[in-house]
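Chemist: Structural data only, the sequence is not supplied:
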């Protein structure tokens with residue numbers, strides 16, 4: 001699993017999205033690379049979470065293993081990030097078991113989950129950021145003569161958020177690698 005690069009993980013994530021199952025792998029690769037690069041650039045240009053006018057409230061809870069979630073961002077009634085401590089604890093343990101501590105230092109999973117959800121908040125609350133991602137992806141939903149309506153690429157925001165989190169936290173790899181390993185471990189535990 002670790003031999004796959006972040007773009008390949010992105011291709012796999014997009015290919016598993018219901019709207020993309022018949023799309024050309026080259027197009028998925030382009031979208032994955034573009035969304036990943038966008039997330040890294042966003043990390044370099046966006047203000048830190050502490051400097052945002054209305055930072056999200058953070059709530060720690062359990063139940064993430066049952067839902068395959070590390071964290072979840074909701075915008076209503078107020079911006080909130082739920083951190084699922086059971087999934088984060090399993091992720092930290094998995095990093096040790098797999099020998100990936102050099103890639104994911106202790107505590108980085110929690111920090112990456114918060115940064116990831118912060119990126120979702122940026123994409124949700126800032127129409128210019130959302131439009132910039134959509135324009136960079138270049139997907140056309142509708143064309144009438146010279147008029148082009150950019151389309152939403154399902155899953156691209158997720159790839160951008162992972163790349164953002166990896167860049168903000170200074171990780172050697174995107175958290176997408178660890179997320180994939182963690183989801184595989186949770187599913188395997190559920191089968192036992």
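Modeler: Right, received. Where do you want to start? It should be emphasised that the depicted structure is a prediction, and the values quoted were computed from it without experimental measurement.
Chemist: What are the buried residues along the lengthiest helix in the chain?
Modeler: Across the chain, the longest stretch assigned as helix under DSSP state H is helix 25-45. Residues of helix 25-45 classed as buried by neighbour count (16 or more other CB atoms under 10 Å): 28-36, 38-43. Bear in mind the C-beta positions are built from the backbone N, C-alpha and C, glycine included.
Chemist: And for stretch 153-167?
Modeler: By neighbour count on 16+ other CB under 10 Å, the buried set for stretch 153-167 is 153, 155-167.
Chemist: How far does it sit from its chain's centre?
Modeler: In terms of CA atoms, centre = their mean, to the nearest Å, the centre of stretch 153-167 is found 4 Å from the chain centre.
Chemist: Where does pLDDT dip in the protein?
Modeler: 47-55, 191-192 (pLDDT under 70).
Chemist: quick one: the strands in it?
Modeler: Per DSSP state E, the chain carries strands over the ranges 57-61, 71-74, 80-84, 140-144, 147-150.
Chemist: hang on, the earlier thing: ok, residues contacting the longest helix of the chain?
Modeler: Helix 25-45 is contacted from outside by 6-11, 13-15, 20, 115, 119, 122, 129, 132-133, 136-139, 153, 156-157, 159-168, 174, using CB atoms under 8 Å, 6 or more residues apart in numbering.
Chemist: Counting only helices, which of those make the cut?
Modeler: 6-11, 13-15, 115, 119, 122, 129, 132-133, 136-137, 156-157, 159-168.
Chemist: The closest residue to residue 139 other than its chain neighbours: what's it in contact with?
Modeler: Take residue 139 and drop its neighbours on the chain: the residue closest to it by CB to CB, 6 or more residues apart in numbering is residue 151, 4.2 Å away. With contact taken as CB under 8 Å, 6+ apart, residue 151 is in contact with 134, 139, 140, 141, 142.
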